[in-house]
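Undergrad: just a sequence and a predicted model for now, questions to come.
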Amino acid sequence: MMYGISQFGYLVASALFIFALHWMNTPATARKGVYAGVAATAIAIGVTWAEPSVVHHVWIVLAIAAGFAVGVPLSRVPLTAVPQRTALSHAFGGAAAGLVGTAEYYLQLSEAPAHLTAFRMVALIAEIILGYLTLTGSLMAAGKLQEVKWVPQRPVTYPMQNVINLLLFGVTLALATAVTMHPTAAWAPLTFPIIIAMALLFGVLLIIPIGGADMPTVIAILNSYAGLSAVAMGFAIDNKLLITAGALDGSSGLILAIIMCKAMNRSFTNVLFGAFGQVKPVKADGAEAKIYKSETVEGAAQVLEQASFVVIIPGYGMAVAQAQHKVRELYDQLKKRGITVKFAIHPVAGRMPGHMNVLLAEADIPYTDLVEMDEINPDMPQVDVALVVGANDVVNPAARTDKSSPIYGMPIIEADKARSVFAIKRSKNPGFAGIDNELYFSDRTWMLFGDAKNVIGELVKQLAGGMH
Ligand code: TAP
C-alpha cells in the first residue's frame, strides 16, 4: 500500500519536474516553474520519508535543518554571484551522490553481499566517480568565479596535461573495473577509497586548466555530471524518481552548455581542454594612441531626443550598477516621445545565462521589446542611437575582425553599425575577456563615463526636464 503511494508520489513529482523545466522557457511562466520544482522536491522528500523502511527520523530532521542553515543564506546572494552559488549547489549534489554511493557499497558488503551484482556495481561506481569529481570540480569553479585567493584564477597548464589527466582517468577506470568484477574480494573495500580519492583529484585537475571566461559553460557541464550521478544513484538504490530527475538535470545541463558554447563560438572540446583565458590580454593595435571622445549627458539627451530608433544594449555593468530601474525610466521617457526602443540581448551578456532578461523583467520592461542578437543585428544600420549600458565584450568588433583576439569568432551585437553609439562605463578598463574594444575609439562612438545608474539617472532627469 505504502509502496503504491510512494510510487504515485514519485510520478507526480516527475511530472512536476518536467513542467518546471517547461515553464522556465519564458519569463511569463518562470515563477510557476520555480514553484513546481519546489513542490516536486517536497513531494519526493515527503513520500520517501513516509516509507516504513525509513526509521532514523532524528537524522532526517537534522539533515533538513542543516539544509536550511546552508540554503537560506545561499538564496540571499546578489544576482551577480549566482553562477558561483549554482556551482556550490552542484558541489552539494555531487557530494550527496558520492556519499550515498559509498554508504550503499559498504552497507551491502556487510549485510547483503549478494546484492552487489555487476549491474548495481557499475551504477555505484559511475555514481561515486561522477559524484566526487563534481564535488571538487564545482568547488574549484565556485572558487574561481568568487575570485577566492588560494584558487588560481588564470588557467594552470603544464606539459602533457591532457595526457596525464587521461592516464589518471585510465587508472581510475581500471581500478573501478576490478572492484566492479570482484566487489567482495578482500582488497575491494580498500581499493574503493582509492577510487574516491582519484575522482576527487580528477575533479580538481579537470578544472584548473580552464579560464574564468569558460567557467559558466563548465558549470553547466558539471550540472550535467551531477545529474548523471543522480541517474546512476537511481539505478544503484532502485529509485525511479532519481533516474527521471537526474536525466532531466543531466540533459538540461548539457543543452545549456551547448547553447553557451555556440553563443561564444567555442567548441566543447575547446572549452574542456583549450585553456582559454590563458591568452595574454592584448591591447588593440596602437590602442594607447587612440582617443576616446566623451559626451556630456546634456548632449547625449539631445541626440536621443532626435532619434527615431534607439537600441539599448545592456551588459554586465548594468548588473553591477543595478541600473535596470533607471533604464526603465529612460525607456519610458523615450517611448513617450514616440521613439522606437528595443533592447538587444546577447546570450552571454552579464555573467549567467538570462542575466539581462532577469534584470529587465525585474524592472517590468515588456519582454516583447527584448530582441535577441540574431534578430536585431540586421536592423543595426538603421538604428539612430545604440546605447551601450555597461556592455563590453559582447559589442567588441574584434570578435569579427581580429584573428588574434581571444574572443575571435564570438558572435556580437553589431553596435558599431549603428549611426551613432553612446557607451556608458566607469573607466577605460577592459571587460571580462581583458581586451580593448575598438568600438569605443570609433568615429561614431561617444563615451559617457560614469556609473551606469548615475549616468542613466542624469539622462532621465535631462529628458524629463526638457519635456513640458
Ligand atoms: P563585460 O565584457 O564584462 O564588460 C562589462 C563592462 O561593464 C566593463 O567594461 C565595465 O567597465 C563596465 N562596468 C562595470 N561596472 C559598471 C558600472 N557600475 N557602471 C557602468 N559600467 C560598468 O560584459 P559583457 O559585455 O556583458 O560581456 C560578458 C562577458 O562575460 C563575455 O566575455 C562573456 O563571455 C563573459 N561571461 C558570460 C557569462 C554568461 S553566461 N553570461 C558568464 C561568464 C562570463 P568599467 O570597469 O570601465 O566600468
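TA: Yes, it's here.
Undergrad: what's the neighbour count on the residue in the stretch 151-300 of the chain that the ligand sits nearest to?
TA: Scanning the stretch 151-300 of the chain for proximity to the ligand using CB to the nearest ligand atom identifies residue 216 as nearest, at 3.6 Å. The C-beta positions use only the backbone N, C-alpha and C, and glycine is treated the same way. The local packing of residue 216 (other CB atoms under 10 Å) involves 25 other residues.
Undergrad: just residue 446 next, same as before
TA: Each residue near residue 446 was counted by other CB under 10 Å, and the total is 19.
Undergrad: list the beta-bridge partners for it.
TA: On DSSP bridges, the residues paired with residue 446 through beta bridges are residue 422.
Undergrad: so it makes contact with residue 424?
TA: No: the pair residue 446 / residue 424 is not scored as a contact, 10.3 Å apart, by CB atoms under 8 Å.
Undergrad: quick one, helices of the stretch 151-300 of the chain?
TA: Using DSSP state H, counting those that start in this stretch, the helices of the stretch 151-300 of the chain run over 161-181, 188-207, 215-236, 240-263, 268-273, 297-306.
Undergrad: want to throw those helices into CSV with mean pLDDT?
TA: Below are those laid out as CSV (pLDDT from 0 to 100):
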stretch, mean pLDDT
helix 161-181, 93
helix 188-207, 95
helix 215-236, 91
helix 240-263, 90
helix 268-273, 73
helix 297-306, 95
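Undergrad: contact partners of whichever strand or helix holds residue 356?
TA: Element membership of residue 356, judged by DSSP states H and E, is helix 355-362. Residues outside helix 355-362 that contact it (CB atoms under 8 Å, 6 or more residues apart in numbering): 27, 79, 314-316, 318-319, 324, 327-328, 343, 345-346, 349-350, 367, 370.
Undergrad: buried ones among the residues you listed?
TA: By the neighbour-count criterion of 16 or more other CB atoms under 10 Å, the contacts of helix 355-362 include these buried positions: 79, 314-316, 318-319, 324, 327-328, 343, 345-346, 349-350, 370.
Undergrad: now the two most distant members of the residues you listed.
TA: Farthest pair in these (CB to CB) is 328 and 346. Separation: 19.5 Å.
Undergrad: ok, residue 347 - contacts?
TA: Listed by CB under 8 Å, 6+ apart, the contact partners of residue 347 are 259-260, 263, 353, 372-373.
Undergrad: name the SS class of it, please.
TA: Here residue 347 takes the coil state, with states given by DSSP: H, G, I helix; E, B strand; the rest coil.
Undergrad: so which bits of this structure are right by the ligand?
TA: With CB under 6 Å from any ligand atom as the criterion, the chain meets the ligand at residues 213, 216, 260, 264, 315-317, 320-321, 348-353, 355, 390-394, 424-427, 429, 431-433, 451-452.
Undergrad: quick one, which of those residues are buried?
TA: Among those, those classed as buried by neighbour count (16+ other CB under 10 Å) are 213, 216, 260, 264, 315-317, 320-321, 348-353, 355, 390-394, 424-425, 431-433, 451-452.
Undergrad: among the residues you listed, which ones are in strands?
TA: Secondary structure of these is defined by DSSP state E; positions in strands are 424-425.
Undergrad: before we move on, back to that, tell me which of the helices of the stretch 151-300 of the chain is the most buried.
TA: The densest packing among the helices of the stretch 151-300 of the chain, expressed as mean neighbour count by mean count of other CB atoms under 10 Å, is seen in helix 215-236 with a mean of 25.
Undergrad: what packs against that one?
TA: Based on contacts counted as 3 or more CB pairs under 8 Å, 6 or more residues apart in numbering; DSSP states H and E, the elements that helix 215-236 packs against are helix 82-111, helix 118-145, helix 240-263, helix 268-273.
Undergrad: at 10 Å what do you get?
TA: With contacts defined as 3 or more CB pairs under 10 Å, 6 or more residues apart in numbering; DSSP states H and E, the packing partners of helix 215-236 are helix 82-111, helix 118-145, helix 188-207, helix 240-263, helix 268-273.
Undergrad: just put the ones you listed in CSV and tack on distance to residue 305.
TA: Converted to CSV, those look like this (distance: least, CB to CB, whole Å):
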stretch, distance to residue 305
helix 82-111, 37
helix 118-145, 41
helix 188-207, 50
helix 240-263, 34
helix 268-273, 44
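Undergrad: just the CA trace of the helix or strand of the chain with the lowest mean pLDDT, in PDB.
TA: Sorted by mean pLDDT, DSSP states H and E, the helices and strands of the chain end with helix 268-273, the least confident at a mean of 73. Backbone C-alpha positions of helix 268-273 (Å, rounded to 0.1, in the frame of the first residue of the first chain) are rendered in PDB as follows:
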ATOM      1  CA  PHE A 268      33.000  21.700 -26.400                       C
ATOM      2  CA  THR A 269      36.500  20.200 -26.500                       C
ATOM      3  CA  ASN A 270      38.000  23.600 -26.800                       C
ATOM      4  CA  VAL A 271      36.200  24.600 -23.600                       C
ATOM      5  CA  LEU A 272      37.300  21.500 -21.700                       C
ATOM      6  CA  PHE A 273      40.900  21.200 -23.000                       C
END
